[in-house]
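Engineer: okay, sequence plus prediction incoming.
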Amino acid sequence: QVSLVESGGGLAQPGGSLRLSCEVRGLPFSAGLAWFRQPPSKEREFVAAMSWNNIKYYAESVKGRFAIARDNAKITVHLQMNSLEPADTAVYYCAARYSGVVSRQSADYNYWGQGTQVTVSS
């Protein structure tokens, strides 16, 4: 059985940092892993993705501020978020797919975490 368990998130001030983690169970180490987010009253959007062999994709809105990393031995993916802005406020979701090819499209991911709230406010 596949499960994705997220941790981290919470409240941060503008310019601050937060780190999200997602532990994946039931998939091989080569699974494609990604982060998406859903801002209030908006559709879910791509944030970052990383393959098992270090291919990384980022949304333009987070390039230079967010960093995705993964531990293949533990099948865990992290999202380090720096220089946070109020526009980063959203529910963040970890996503996984059996294929090792990562994608920016939410429809390509078969498995999802429960979501974790990130709020950026002074």
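Structural biologist: Cool, the structure landed.
Engineer: okay, strands next: where are they in this structure?
Structural biologist: With DSSP state E, the ranges of strands along the chain come out as 3-8, 10-12, 18-25, 32-38, 45-50, 56-58, 66-71, 76-81, 90-97, 111-112, 116-120.
Engineer: relative to Tyr109, how far out is Ala49?
Structural biologist: Look at Ala49 and Tyr109: by CB to CB, to the nearest Å, they are 9 Å apart. All C-beta atoms are positioned from the backbone trio N, CA, C, and that covers glycine.
Engineer: those two: who's more crowded?
Structural biologist: The neighbour count for Ala49 versus Tyr109, taken as other CB atoms under 10 Å, is higher for Ala49 (26 against 23).
Engineer: excluding its backbone neighbours, what's nearest the residue sitting nearest the centre point of the chain?
Structural biologist: By CA atoms, centre = their mean, the chain has its centre lying nearest to Trp35, at 2.2 Å. Leaving out its chain neighbours, the residue that sits closest to Trp35 by CB to CB, 6 or more residues apart in numbering is Val47, at 4.3 Å.
Engineer: Ala31 now?
Structural biologist: Using CB to CB, 6+ apart, the closest residue to Ala31 is Ala96 (5.1 Å).
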